[in-house]
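this one's structure only:
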């Protein structure tokens, strides 16, 4: 009853409207995950490259669940992976 969530957005939209689209996506996916599917937990798994993502998650009630230090090797660099989670409080 746990699921990773992910969101891909056109780069042009990301520059100006990232917060708007990401927060709307979170509302829709939460309705599906918690309301329809009765999941216990949903979470994002993100390379520590896009800090603007964290603001939206925190504002939407997610908590920083874990930081996996130097977990991924990308383009010659080791990057942290940051996991934000939200629990279904109705269960």
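Looks like it arrived, so ask away. Quick caveat: nothing in here was measured; it's all calculated off a predicted structure.

contacts and neighbour counts: CA atoms only from here.
Will do.

show me the strands in this structure, by range?
Taking DSSP state E, the strands of the chain run over residues 2-5, 41-47, 63-74, 77-87.

tell me the residue furthest from the middle of the chain?
Ranked by distance from the centre of the chain (CA atoms, centre = their mean), the top residue is residue 76, with 24.5 Å.

list phi and psi for that one.
Residue 76 adopts backbone torsions of phi 80, psi 0, taken as degrees, to the nearest 10.

quick check, pLDDT for it.
pLDDT recorded at residue 76 is 94.

same deal with residue 35?
Reported pLDDT for residue 35: 94.

same question, residue 15
For residue 15, the pLDDT comes out at 73.

ok, now the one 4 residues further on?
What the model reports for residue 19 is a pLDDT of 88.

just residue 47 next, same as before
For residue 47, pLDDT reads 86.

one more: residue 25?
Residue 25 is assigned a pLDDT of 93 by the prediction.

tell me who's in contact with it.
Contacts of residue 25 were listed using CA atoms under 8 Å, 6 or more residues apart in numbering, and they are residue 7.

and if you look at residue 88?
Residue 88 neighbours (CA under 8 Å, 6+ apart): 34, 38-41.

may I have the beta-bridge partners of the residue nearest to the spatial centre of the chain?
In the chain, the residue lying closest to the centroid (CA atoms, centre = their mean) is residue 44, at 3.3 Å. Bridge pairing for residue 44 (DSSP bridges) gives the partners residue 5, residue 84.

ok, it touching residue 83?
Yes: using CA atoms under 8 Å, residue 44 is in contact with residue 83, at 5.5 Å.
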